[in-house]
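S.K.: Take this sequence and fold it.
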Amino acid sequence: MSKDNPARKTFEPMLSPYVDGELSPADRQAVEQHLAACKESAMQVADLRATGGLLRVAMDMRADDVDWKDF
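M.R.: Next up is the predicted model:
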């Protein structure tokens, strides 16, 4: 966490819920304003989205290996 940007301390716990679409509209707007001003948080959001995408691909690949005929 960046010591030269105290807003990061406030917004960092909100970044994962932001990516997951779990914030209220007001909180979402506040996070978006923060992301516009904080490159470090914006990069963290990009990393969270990339990680989520990789997990989805991995799970899809695993699902392809399962025999679903008796499901």
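S.K.: Tabulate the CA atom coordinates of stretch 12-22 in CSV.
M.R.: Included here for stretch 12-22 are C-alpha records, laid out as CSV according to Å, rounded to 0.1, in the frame of the first residue of the first chain:
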residue,chain,number,x,y,z
GLU,A,12,-8.1,-0.6,-1.2
PRO,A,13,-10.6,-2.8,0.7
MET,A,14,-13.3,-1.8,-1.8
LEU,A,15,-11.4,-2.8,-5.0
SER,A,16,-12.3,-6.5,-5.1
PRO,A,17,-16.0,-5.8,-4.3
TYR,A,18,-15.8,-3.2,-7.1
VAL,A,19,-14.5,-5.7,-9.6
ASP,A,20,-17.1,-8.2,-8.5
GLY,A,21,-20.0,-5.7,-8.9
GLU,A,22,-20.8,-5.8,-5.2
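S.K.: Which residue comes closest to the most centrally placed residue in the chain once chain neighbours are left out?
M.R.: Centroid-nearest residue in the chain, with CA atoms, centre = their mean: residue 19, separated by 3.4 Å. Spatially, and ignoring its direct neighbours in sequence, residue 19 is nearest to residue 48 (4.6 Å; CB to CB, 6 or more residues apart in numbering). For glycine as for every other residue, the C-beta is placed from the backbone atoms N, C-alpha and C.
S.K.: elements contacting the longest helix anywhere in the chain?
M.R.: Longest helix of the chain, by residue count under DSSP state H: helix 39-64. Under the contact criterion of 3 or more CB pairs under 8 Å, 6 or more residues apart in numbering; DSSP states H and E, helix 39-64 touches helix 7-19, helix 25-37.
S.K.: Let me see the mean pLDDT of it.
M.R.: Averaging pLDDT along helix 39-64 yields 83.
S.K.: any idea how far residue 19 is from residue 70?
M.R.: 35 Å (CB to CB, to the nearest Å).
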